Structures are given as structure tokens and as C-alpha cells.
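**Q** Any chance you could fold what I've pasted below:
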Amino acid sequence: MTTFIALLRAVNVGGTGRLPMHDLKAMCEAAGFLNVRTYIARGNVVFETPLSELKVKAALQRALADYARKPIGVLVRTAAEMEQVLTKNPFAEAAPNRTVAIFLNEPPPLDTLSGVTGKADEEIALGRREIYVRYPNGMGNSKLKITAASSGTARNMNTIAKLVELARRV
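**A** Here you go, the predicted structure:
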């Protein structure tokens with residue numbers, strides 16, 4: 001049995017993709033996932049299953065498309081991978097609410113940094129299947145655009161730490 005963390009894209013953010021977390025939990029349970037827990041209303045879910053990452057992702061995408069009548073992006077990590085995202089954060093000394101990991105399905109392209117626009121004082125670093133960004137003055141006023149991150153989803157380090165903690169308790 002593997003503990004996974006699934007991150008949904010564009011759910012309950014700015015009024016788009018409305019999905020109550022009790023419905024997400026029910027979808028996961030209907031897919032056969034065990035010990036399902038959601039965290040905040042942003043599409044974060046922790047669970048156990050013997051399925052592979054690809055099968056987990058496919059099952060969630062099918063259930064979500066049926067529910068929303070449109071595709072919803074899903075990014076999946078094992079609990080161990082999520083813990084590595086936290087421990088390998090290159091901006092660990094920065095405020096955790098001002099540092100994000102943008103989760104991708106594949107490793108970031110080698111030319112990721114050359115495709116960045118609108119950069120001011122933000123710092124960017126590449127991870128295994130993540131892009132780390134530190135926003136010293138917060139995300140609210142940032143004009144930063146990372147082309148390679150367009151199909152990803154971001155979570156701040158506080159959220160990642162909480163998901164890691166939840167995964168340890170599954």
C-alpha cells in the first residue's frame with residue numbers, strides 16, 4: 001500500500017472549478033482509495049492505495065471529468081516524494097507562505113529559466129518535477145510568468161508541510 005497526495009489544478013480558486021472537499025473525498029473512496037483525507041478547500045487529498053501513480057491519476061481524472069463535465073488537472077506524488085519536495089526546498093530560510101513549489105507531471109524543461117518573463121525580485125530554482133519560486137514581497141503583486149509551469153499547480157511550503165504531516169498519519 002502506498003500513500004499518495006493528489007493536487008488538483010484550478011479548484012476553488014477565484015470562483016473557478018467549484019468542488020466541495022466532501023465530494024472529492026467521496027470520489028476517492030469510490031475509486032477504492034483508503035484513509036482518504038482532504039486538506040483545505042483547494043483540491044488537496046491524501047490517501048492510500050495499491051495502485052500505481054499513473055492509475056491513481058487516471059482514476060481521479062475520470063471521476064473529476066464526470067463530476068465537473070470538463071477535464072481537471074491532477075498531479076500526484078507519493079508521500080516520500082512530497083517529503084523530498086519539502087526537504088529539498090532551496091529557499092528553506094525564506095517565509096514558507098512566500099515560497100511555493102509548482103508541481104509538474106514531468107521534469108521542468110532545461111530551458112525553463114529562459115522562458116521566464118516579468119521577473120522582479122523573485123527567485124526560481126528547478127526541482128525533480130517541480131519549480132520552486134520565492135516571492136519576497138508576496139505573490140499578489142508579482143508579474144512573474146513561467147511558461148513551463150502553465151500546466152502545473154502551486155502549493156506554498158506551509159501547505160506542503162501540512163500534507164506531509166497528514167500523509168505520515170495515514
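
**Q** Can you list phi and psi of the residue of the chain positioned farthest from its centre for me?
**A** Here the chain reaches farthest from its C-alpha mean at residue 120, the gap being 24.2 Å by C-alpha atoms, centre = their mean. Note on residue 120: its backbone torsions stand at phi -120, psi -100 [degrees, to the nearest 10].

**Q** which residues sit in contact with it?
**A** Counting by C-beta atoms under 8 Å, 6 or more residues apart in numbering, residue 120 touches 142-144. The C-beta positions use only the backbone N, C-alpha and C, and glycine is treated the same way.

**Q** again with residue 9
**A** Per C-beta under 8 Å, 6+ apart, neighbours of residue 9: 17, 43, 72-75, 151-153.

**Q** what pLDDT does it get?
**A** Looking at residue 9, its pLDDT stands at 90.

**Q** next one: residue 42
**A** At residue 42, pLDDT is 84.

**Q** What count of nearby residues applies to it?
**A** The number of residues packed near residue 42 is 17, by other C-beta atoms under 10 Å.

**Q** do residue 47 as well
**A** 25.

**Q** wait, what's in contact with the residue nearest to it when sequence neighbours are not counted?
**A** In this structure, residue 47 finds its nearest non-sequential neighbour in residue 33, 3.9 Å apart by C-beta to C-beta, 6 or more residues apart in numbering. Residues counted as contacts of residue 33 (C-beta under 8 Å, 6+ apart) are 4, 47-49, 56.

**Q** returning to that earlier point: and which of the contacts of residue 120 is nearest residue 161?
**A** residue 142 (22.0 Å; C-beta to C-beta).

**Q** Thank you kindly, that will do.
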